[in-house]
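S.K.: Task: produce atomic coordinates for the following.
(one chain, ligands or ions: 1)
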Amino acid sequence: MRPALATLIIALALAARAAHAQNPNLESIANDRYTRSHDFDLVHQHIAVRDFNWDSLSFTGSVSTTLIALRPAMDSVILDAGALLGIKRVASSSGSALRTGRHGDTLVIYLDRPAAFHDTIHFTVDYSGKVENGRGLTFIDERPHTPRQIWSQGEDRDNHYWFPTYDFPNDKMTWEVEATVPAGYMAVSNGALVADTKDATGARTLHWRQDRPSASYLVSLVVAPLAKIHDTWKNVPVDYYTYHADSALAWRLFHVTPDMIDVYSRLTGVPYPWQKYAQTTVADFFGGMENVSATTLVDWLPDAKSYQDRPWYQHILIPHELAHQWFGDFVTTENWANMWLNEGFAEFMPGQYWREKSGNHIAEDYYLDEYRQFMQIDARRRMPLASLGSNNIYPKGALVLEMLRSYLGDERFWAGIHRYLTNHAYGNAVSDDLRQAFLDATGENLDWFWSQWVYAAGYPEFTVTSSYDPATHRLTLAVRQTQRDTLKADSAGMRYVVPETFRMPVTVRIGTAMGADVVRTKWIRQRDDTIVIDNVASPPTMIVFDDGNRILKRLTFDQPSAQLATQLRREENLWNRWWVIQQLGARTTDETAVRALADAATSSDYFLTRAQATSALGAFPAGIVVPTLAKAMRDTSSQVRQAAVESLGRVGGAESLALVRGAWRGDDSYSVRASALTALASLDTAGSRAAIVEGLRTPSYRDAIQNAAIGAAVRTDDTTFVTTMQQMIGDQQLPSYALAAMVVRGSDRALKLLLSDLDDARPYVRQWALTAIVQSLGPARGLAALKSVQQTLTHLDTRAAVDRAVKQLEAAAKQG
Ligand SMILES: [Zn+2]
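M.R.: Next up is the predicted model:
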């Protein structure tokens, strides 16, 4: 699973909170607390679904289940089955009806005679299916750019809301999905397509068979009118399913997939393990979901122009979900407390792919982004990787695995990964199984690494000071770890630990005026440690603590600007460059700092460094930096040009305004134009109205320019924009939020329009208006607004939704 970035942090914070409530005390993962017990082995399910009804959110289901008894005298089978599933009949393999019982989301099937230990049991459940929309299945009605469709989402425990199953990852099965869909529709599911038939009415039945075992949360179904674009890796079908209107965009976006499959197969030593790979795009999805051999993805297909802005979709999303086909689907976490084994690996692997394709810099770029996400998440709540509901399994998982790769070296690292995947092929694993695989493959017991990086929370915060003795040619580094274990036990008594001391080797690189760098690697073993380096012939011109950035850390190391400038000029590693840029960027009256940054902004060999230095220059006086920013505006990289536009917006002045206006008019990149519009509106509040109006009408990938225009319009407090926003209602969701923002800024007319949208003929417009009111107005104002129209709404579905929202807001108001 990979939520889009904006929703990622919110989603993870919520997950952490939700899971936390039921989390018992732990220091490390004691698996008996987290792994669910059951008394059978689920072997195979045949899931047949038909008669989908978008109005009633219903369908007809028939599921045949084969399982093996794991206790003697077994007289009943307990399955997970959503309470809304209306059980019509359960029949044994001989056809006789079996007695059933229902308890909430549980279905009990009483066998006609007790089964012996290891007996095979077979039965079929016929039911009338119904869901709460978005739970297990999501039904979506037709709207502009979006055909009517249905998609499933199982992870982590939602598949039993649409078919009876054992809904926990520690029991793998094979399965078939046979879906009958309306004429003109496609149904995509896991495994190989074994039949595709039409009946007299034109209804189509597609029969998919997943014949290699995986977990029930990975059962998938997408029903929609879809175009299929066929590709291959070796003899394996690699198919892309999109709306017909998007099919021309699919090849360029997805055609990287076979190469990614190739690289992952080579790195892991495990060839792609499934019968096919499908990627299917759907509406209103949160990002991507790695359903085995049939990934589901958002429908945000980039157009040709947006590739220069390196779309997240191709850079992260496609390789992330593909990595799950090995990590998550082939070897699956045994329980949700070890979910980092799924998500950490999936977040780690794209960086490895990009390194194989384009070298170290792009990989360092990728992990630097992970580092910045990790720091944000860790600041909110500090949790270990291996813990239920852990909030940092994505970026910290990626960073810890990259650290391990760097520590072990490629050959030993991938040998350990190969051992892990083959030891647990088509099975489950917990965190310690990974440690054991490295022990098996390399002979090295990584207990120390696991205890500080997997089972404990936090990271080392280093404060380093240096002194050089010219008489003895000795450089001494005092290395102090300052992280504090301030985590408190929660109401359940659970408390995570931050190590007082992280132990690891660290490499120091020292530049001198004479000859080659002095490079030494020493182990740090104490909270207050000292690194002594002899034979440093002359005073250092540069001191790099943690050469190559091999440690996940925060670093405080005060050094003269000249030393930092030398490092920035010579440094290969992107994290280290970024760190130096932060140091120099804070020295806004220092000439050496501005010269070093200007040099990096215009001549660094990698665009990210140029962009970061360009951003840092935005804090310096306009008179000094505008010529450099003007040069950066002509960079071949849109990311650098975007950073330049943003910095010009910060430094201000007539010259900046002219440059920003030029970028708005003439740049080819959506991102640059969006940032230019934002900068323009802040630099020229009176003169930017025409540009904002034009921006509101300018289509761009993921509405980057329109979103910037809406943001600028809201900030102008120009009330005439209220009408413009209302005209855009229905094209996209953001104008509803813009109206809500204008209400907050005091516009009664915006409120009137927003409330009138609750009676719009289009259901999605009503939904968007309600969402904007509930999320943006605040409880008191939102409540008053909704109550004022509650009795007058004409659409029953919206009236019910408003009633529910009013109750929720009232409850929230009571809580304070
Ligand atoms: Zn994922």
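S.K.: Could you give the number of residues near Glu500?
M.R.: Glu500: 11 surrounding residues under other C-beta atoms under 10 Å. C-beta: built from backbone N, CA, C; applies to glycine.
S.K.: so it, which of the three states?
M.R.: When classified by DSSP: H, G, I helix; E, B strand; the rest coil, Glu500 comes out as coil.
S.K.: Quick one, grab the pLDDT at it.
M.R.: pLDDT recorded at Glu500 is 96.
S.K.: Tell me who's in contact with it.
M.R.: Residues near Glu500 by C-beta atoms under 8 Å, 6 or more residues apart in numbering: Gln481, Gln483, Asp485, Arg527.
S.K.: Torsion angles phi and psi at it?
M.R.: The phi/psi pair for Glu500 (degrees, to the nearest 10) reads phi -60, psi -40.
S.K.: From Arg480, how far off is it?
M.R.: Plainly put, Glu500 is 12 Å away from Arg480 if you go by C-beta to C-beta, to the nearest Å.
S.K.: Show me the common contact partners of these two, please.
M.R.: With C-beta under 8 Å, 6+ apart, Glu500 and Arg480 have common neighbours Arg527.
S.K.: Quick check: the residue of the stretch 101-250 of the chain nearest the ion.
M.R.: Of all residues in the stretch 101-250 of the chain, Glu155 sits closest to the ion, at 8.7 Å by C-beta to the ion.
S.K.: Please name the nearest non-neighbouring residue to that residue.
M.R.: Tyr217 (4.9 Å; C-beta to C-beta, 6 or more residues apart in numbering).
S.K.: for the one you found, what are its contacts?
M.R.: Applying C-beta under 8 Å, 6+ apart, we find Tyr217 in contact with Gly154, Glu155, Asp156, Arg157, Asp158, Asn159, Asp167, Pro169.
S.K.: so which two of these are the farthest from each other?
M.R.: Pairwise distances across those peak at 12.9 Å for Asp158 and Pro169 (criterion: C-beta to C-beta).
S.K.: who has more neighbours, the two?
M.R.: Applying other C-beta under 10 Å to Asp158 and Pro169 shows that Pro169 carries more neighbours, namely 26 against 18.
S.K.: quick revisit: the residue nearest to Glu155 and Gly154, how far apart?
M.R.: Taken as C-beta to C-beta, the span from Tyr217 to Gly154 is 4 Å.
S.K.: Can you check which residues contact both of these two?
M.R.: In the contact map built from C-beta under 8 Å, 6+ apart, the residues linked to both Tyr217 and Gly154 are Asp167.
S.K.: Top of the contacts of Tyr217 by number of neighbours, please.
M.R.: Asn159 leads those on contacts (other C-beta under 10 Å) with 28 neighbours.
S.K.: surely it meets Ser216?
M.R.: Yes - applying C-beta atoms under 8 Å, one finds Asn159 in contact with Ser216, separated by 5.7 Å.
S.K.: who touches both of the two?
M.R.: Listed as contacting both Asn159 and Ser216 by C-beta under 8 Å, 6+ apart are Thr165, Asp167.
S.K.: Can you check the pLDDT for Ala16?
M.R.: Listed pLDDT for Ala16 reads 45.
S.K.: no, scratch that, I was asking about His145
M.R.: pLDDT for His145: 90.
S.K.: any idea how far Ser561 lies from the ion?
M.R.: Going from Ser561 to the ion by C-beta to the ion, to the nearest Å gives 42 Å.
S.K.: and that residue, backbone torsions?
M.R.: According to degrees, to the nearest 10, Ser561 has phi -60, psi -40.
S.K.: can I assume it is in contact with Asp590?
M.R.: Yes - here Ser561 reaches Asp590: they are 5.3 Å apart, a contact under C-beta under 8 Å.
S.K.: Give the residues shared as contacts by the two.
M.R.: Residues touching both Ser561 and Asp590 (C-beta under 8 Å, 6+ apart): Leu584.
S.K.: Any chance of a PyMOL selection covering the buried ones in the contacts of Glu500?
M.R.: A single PyMOL command selects the buried members of the contacts of Glu500 (16 or more other C-beta atoms under 10 Å):
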select buried, resi 481+483
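S.K.: for the contacts of Glu500, which one is nearest the ion?
M.R.: The shortest approach to the ion among the contacts of Glu500 belongs to Gln483, at 28.3 Å (C-beta to the ion).
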